[in-house]
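Peer 1: Fold the following, please.
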Amino acid sequence: MVSASHCCCFSFQLVVFLIYFALPSISRAQTATSCNGILVSYAYTGGTRLPPNVSDPKQQPYRFESTITVLNNGLDELKSWKVFVGFQHDEFLVSASNAVLGDGTSLPAGVGNGTVFAGYPMTDLKTAVETAGDLTQMQAQIDLVGTVFGVAPPNVPMPANITLANDGFVCRKPTGQGKNETQVCCTKDPNFKTNITTDEQFLPRQNGDLTIMYDVIRTYDSNYWAEVTISNHNPLGRLDNWKLNWDWMMDEFIYSMKGAYPTNADSSACIYGRQGTYYKDLDFSNVLNCERRPTIIDLPPTKFNDTDLGKIPFCCRNGTILPPLMDPSMSSSRFQMQVFKMPPDLNRSQLSPPQNWKISGTLNPDYKCGAPIRVSPTETPDPSGIPSNKSAMASWQIVCNITQAKGAARKCCVSFSAYYNESVIPCKTCACGCPSNTGKTCSTTAPAMLLPPEALLVPFVNRTAKALAWASLKHLSVPKPLPCGDNCGVTINWHLLTDYSRGWSARITLFNWGDTSFADWFAAVQMDKAAAGFEKTYSFNGSTLAGVNNTIFMQGLPGLNYLVAETNGANPASDPRVPGKQQSTISFTKSTTAGINVVGGDGFPTKVFFNGEECSLPSVLPTSGFKKESSLATSMILTLLLLVFMRQ
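Peer 2: A predicted model of the protein is given here:
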């Protein structure tokens with residue numbers, strides 16, 4: 001028999017036990033009640049050790065599982081919600097339910113430096129008032145599964161920070177709920193103002209370096225037609241041979257296209273997938289692409305008037321999108337496609353854009369694209385000529401901005417030279433990346449060797465003898481092993497040509513060492529102190545750039561705007577290959593730049609761009625120690641260089 005006292009004691013312990021484990025949920029409920037805004041929480045739910053077993057504990061991988069919860073406790077609907085999670089343990093994310101990565105990266109992906117999650121397919125969170133407290137419409141939950149390194153149980157790999165990433169909100173400091181959970185309450189910022197007005201049903205259109213509009217222009221139960229428009233807004237941004245990628249999230253597939261084409265025309269994934277099971281009567285030999293992540297390219301100009309593939313405004317330009325200041329009519333690209341849907345989305349109003357957009361080009365800036373946001377339907381002039389506008393059925397905007405990933409290699413580089421020094425300061429070692437298997441053949445860390453001016457005309461592999469001879473003549477040190485090359489497809493030489501009392505001049509030379517020619521090329525130089533004194537360029541079309549401080553924009557004159565690819569020398573058996581070249585002198589006045597020190601550094605650019613890509617600059621400038629004895633010799637060498645250039 002168990003005594004009454006033992007029963008009472010056991011009952012009391014049980015109550016205490018239940019209360020203890022109920023405290024976190026009680027605390028969460030209290031926090032949710034007290035937050036009159038957006039409550040964001042991150043809860044670690046478990047993890048296990050993963051193979052292989054490594055000797056370094058910091059490199060041991062572990063599986064982690066966690067849940068992000070976004071709850072709208074405010075009075076206004078939260079449109080296109082986004083949450084930042086400050087991961088800090090080299091996390092590698094494998095899956096995330098009900099969300100995509102905000103920068104357009106497809107999973108699996110490394111997120112160790114933190115990442116933004118964007119809601120999908122539920123992008124908007126309604127309020128308790130308009131739903132009578134229906135959590136299925138007020139709340140979104142993201143279940144995460146991934147790998148973390150060096151955090152062994154019972155330690156918990158919590159993020160450094162969590163916050164709402166939507167504009168116009170202020171978030172308090174996150175608070176811990178035990179060691180497995182953290183929460184933050186975000187409320188509307190009363191000081192946040194926007195000068196954009198729009199229908200409250202949709203978010204306003206956003207600004208960016210490049211935008212992509214996904215407009216549904218016709219819709220049926222099982223398929224729809226979408227029009228995709230890529231527009232460049234950055235005065236220094238451009239794309240050549242653009243390639244566009246996205247992820248279909250609901251097993252959609254492309255039946256046909258006009259104005260663009262997939263790199264892989266293949267329907268096999270549909271035939272052997274659930275698409276083929278559902279569309280039993282569809283002739284899949286006519287289906288264009290069934291890849292989950294297709295790659296789309298522009299068509300050549302010869303297809304513009306093609307009845308089947310062309311006849312779309314702004315299409316068929318070989319993937320060239322120029323800055324709007326160069327040619328507004330060439331700053332956009334457009335195509336249309338017929339998209340087939342899959343159950344359960346088989347009604348004409350069930351529309352969902354693809355996710356994880358990415359766009360890239362040849363020797364162009366790198367773009368990071370955000371998640372699609374629903375905006376007011378795009379309006380276009382009625383094609384019949386009637387003075388009215390025609391609206392799209394639904395529209396989404398994807399905003400892409402130019403980014404430079406940390407540690408990413410450049411695609412072009414700059415060398416410096418001056419009339420008062422015989423040596424050329426070449427591009428940095430490995431300015432555009434190093435070869436993967438350097439071995440003992442070259443050093444990736446040794447500084448680049450100074451060069452004689454004529455060495456700029458020959459490929460790097462043919463410069464060794466000239467560099468060594470120059471080092472011997474000028475008593476310069478020679479690294480062992482010799483430095484690796486710059487590995488850049490385009491190099492630019494900036495030569496300080498003259499400096500006198502009322503003005504000065506420079507010469508810019510572009511070299512194309514690649515196999516691709518550049519039509520309608522442009523270059524831009526940022527001169528912090530000298531741009532205000534810009535007068536003219538003599539062989540290029542040059543002007544100061546409106547809206548961009550201290551920047552001079554240059555492009556080829558009509559008929560001379562083609563930077564050809566590298567070609568064979570006069571005698572291919574013995575002569576090195578010859579780069580494509582363009583050159584111009586630039587003049588400046590000192591009347592508007594009082595106190596400018598040209599030789600002291602103000603005569604050299606602080607940033608240089610080619611076709612929108614920022615180039616790598618030397619870390620040092622030419623010195624004036626040998627000005628008196630070498631100025632005449634340098635002028636003669638430069639004159640010879642110009643003559644050689646003109647004969648090519």
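
Peer 1: Now for Lys590: which residues touch it?
Peer 2: Contacts for Lys590 (C-beta atoms under 8 Å, 6 or more residues apart in numbering) come out as Ser501, Arg502, Gly503, Trp504, Gly533, Ile596. No exception for glycine: its C-beta is placed from N, CA and C like everyone else's.

Peer 1: Most neighbours out of these, which is it?
Peer 2: Within the contacts of Lys590, neighbour counts (other C-beta atoms under 10 Å) peak at Trp504, which reaches 23 neighbours.

Peer 1: quick one, strands of the stretch 101-250 of the chain?
Peer 2: For the stretch 101-250 of the chain, applying DSSP state E, counting those that start in this stretch gives strands covering 109-110, 115-119, 139-149, 162-164, 169-171, 175-176, 181-188, 210-219, 223-232, 243-247.

Peer 1: got the contact list for the first one?
Peer 2: Read it as strand 109-110. Asp90, Glu91, Phe92, Leu93, Leu101, Thr115.

Peer 1: before we move on, the earlier item: tell me which entries of the contacts of Lys590 lie within strands.
Peer 2: Among the contacts of Lys590, the members found in strands (DSSP state E) are Gly503, Trp504.

Peer 1: Pull the most distant pair out of the contacts of Lys590.
Peer 2: Greatest spatial distance in the contacts of Lys590: Ser501 and Gly533, 13.2 Å, computed using C-beta to C-beta.

Peer 1: buried sites along stretch 301-314?
Peer 2: By neighbour count on 16 or more other C-beta atoms under 10 Å, the buried set for stretch 301-314 is Lys303, Phe304, Leu309, Gly310, Ile312, Phe314.

Peer 1: Please measure how far the first residue of it sits from its last one.
Peer 2: In stretch 301-314, first residue to last residue: 10 Å (C-alpha to C-alpha, to the nearest Å).

Peer 1: Run through who's touching it.
Peer 2: Contacts of stretch 301-314 (C-beta under 8 Å, 6+ apart): 229, 257-259, 261, 299, 315-318, 329, 332-336.

Peer 1: How about stretch 174-187?
Peer 2: By C-beta under 8 Å, 6+ apart, the list of residues contacting stretch 174-187 from outside reads 24, 27-28, 31, 34-45, 74, 156, 158-159, 161-164, 169-173.

Peer 1: now swap in stretch 52-66 and tell me
Peer 2: By C-beta under 8 Å, 6+ apart, the surrounding residues in contact with stretch 52-66 are 42-51, 91, 143-153, 157.

Peer 1: Next: stretch 461-478.
Peer 2: Contacts for stretch 461-478 (C-beta under 8 Å, 6+ apart): Glu422, Ser423, Met449, Leu450, Leu451, Pro452, Glu454, Ala455, Val458, Leu482, Gly485, Pro576.

Peer 1: Surely Phe522 is in contact with Asn611?
Peer 2: Yes. Using C-beta atoms under 8 Å, Phe522 is in contact with Asn611, at 6.4 Å.

Peer 1: quick one: buried residues of stretch 134-148?
Peer 2: Buried-residue list, stretch 134-148, by 16+ other C-beta under 10 Å: Gln137, Met138, Gln139, Ala140, Gln141, Ile142, Leu144, Val145, Gly146, Thr147, Val148.

Peer 1: re the thing from before, out of the contacts of strand 109-110, which two sit at the greatest distance?
Peer 2: Spanning the widest gap among the contacts of strand 109-110 are Asp90 and Leu101, at 16.4 Å by C-beta to C-beta.

Peer 1: of these two, who's got more company?
Peer 2: Applying other C-beta under 10 Å to Asp90 and Leu101 shows that Leu101 carries more neighbours, namely 21 against 18.

Peer 1: What sits closest to the spatially most central residue of the chain if chain neighbours are left out?
Peer 2: Taking C-alpha atoms, centre = their mean, the centroid of the chain lies closest to Tyr367, which sits 2.1 Å from it. Excluding the flanking residues, the one nearest Tyr367 by C-beta to C-beta, 6 or more residues apart in numbering is Cys400, at 4.2 Å.

Peer 1: element containing that neighbour, please.
Peer 2: When secondary structure is defined by DSSP states H and E, Cys400 falls within strand 394-403.

Peer 1: For the helix or strand following that strand, what does the pLDDT average out to?
Peer 2: Proceeding N to C from strand 394-403, the next assigned helix or strand is strand 412-418, under DSSP H and E. Mean pLDDT, strand 412-418: 96.
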